[in-house]
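1. fold the following for me, if possible:
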Amino acid sequence: MKMAKKALGKGLGALMDIREEIDQEQQKTPSEIDIQLIDINPNQPRKNFDAEKLRELAESIRQHGIIQPLVLKPEKARYLIVAGERRYRAARMAGLKQVPAVIKEVTNQELLQLSIIENIQREDLNPLEEAEGIAELMAQFSLNQEEAAEILGRSRSAVANSLRLLNLPQSVKEAVVEGKLSAGHARALLAIKDKTLLEKAALYVLEKQFSVRETEQYVKRLLTEKPRVSAKPANLEFETAEREIGELLETKVHFKGSSKRGKIIIEYFSKEQLYALYEYLKGKK
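-> Numbering: from 1, shown residues only. Got it, this is the predicted structure:
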């Protein structure tokens, strides 16, 4: 076990050395490389690039050029991107014929590992891409969360919270990728273990445009709500009325009692929603 740890440390140390060499190379005068000779790494961990941000970067490149050179790996008569795919895509959009680059010999394994680490540390990475990148880094190096956190300069809890997002249902993952839900919203929803209920809760949060705090309160209410003992009328008319009143008030409504006597419970999940209900009911006088 100790030998495995030592070998792991040596491998990571070598990778960090390569990254340091690349940083040093980027300080030197780069070569101008024909953009038509550059290929995207097919194993690039990053899958999504924000189109609007790419256009903004392309416009910046038109005006100021590429400030930080790309890092390329020679591949026969062509080049493979080690670092800088976003700059490369924006440069193509800007119509550049050549781009500044430094050339670095790395193995295919090092190429993948460097790509993973570079992508995890990008500021514009969406939370799901970041979580997938951390998981891939851990798999490549057989790391635990603490070791991954040390490499990335983060706390173990930050790494753990990021990885939790991988447990989301696919529909909720898509909402996070599209920026409709933040990582904070998603983590709050993950307290719901039932996937179907989680998806329904996510739709409700989106519909109501809840803040992270409001989402936490909403989830807490869902989880602490006691199952209602069947004092609720089974009459279809009552069930229909319960549903229609709930839709009218845009919240959960419950009937308790019988056809002769009972009570209506109207739920609210934020102070704003309570005030809105109050104003609505006051207006019906």
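2. domains in this protein, by residue range?
-> Here the domain parsing of the chain from automatic domain parsing is 2-125, 169-224, 236-283.
3. mind putting those into CSV with distance to Glu136, mean neighbour count and mean pLDDT?
-> C-beta coordinates here come from the backbone N, C-alpha and C atoms, glycine included. CSV is the format used below for the domains of the chain (distance: least, C-beta to C-beta, whole Å; neighbours: other C-beta atoms under 10 Å; pLDDT from 0 to 100):
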stretch, distance to Glu136, mean neighbour count, mean pLDDT
domain 2-125, 5, 15, 78
domain 169-224, 16, 17, 93
domain 236-283, 37, 13, 77
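4. out of the ones you listed, which gets nearest to Ser162?
-> Closest approach to Ser162 among the domains of the chain (C-beta to C-beta): domain 169-224, 7.6 Å.
5. now do the closest one: distance from first to last residue.
-> Start to finish, the residues bounding domain 169-224 are 22 Å apart (C-alpha to C-alpha, to the nearest Å).
6. in this structure Ala160 contacts Gln145, no?
-> Yes. Using C-beta atoms under 8 Å, Ala160 makes contact with Gln145 at a distance of 5.5 Å.
7. between the two, who's got more neighbours?
-> Counted by other C-beta atoms under 10 Å, Ala160 and Gln145 do not tie: Gln145 has more neighbours, with 18 against 14.
8. redo the domains of the chain as JSON lines? Include distance to Glu150.
-> Converted to JSON lines, these look like this (distance: least, C-beta to C-beta, whole Å):
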{"stretch": "domain 2-125", "distance to Glu150": "9"}
{"stretch": "domain 169-224", "distance to Glu150": "21"}
{"stretch": "domain 236-283", "distance to Glu150": "40"}
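9. so which of the ones you listed comes closest to Ile151?
-> domain 2-125 (6.6 Å).
10. where's the closest one relative to the chain centroid, distance-wise?
-> Put simply, domain 2-125 sits 22 Å off its chain's centre (C-alpha atoms, centre = their mean, to the nearest Å).
11. need the contact list for Ala241.
-> Residues near Ala241 by C-beta atoms under 8 Å, 6 or more residues apart in numbering: Phe255.
12. quick one: it is in a helix?
-> Yes. When DSSP: H, G, I helix; E, B strand; the rest coil is applied, Ala241 is found to be in a helix.
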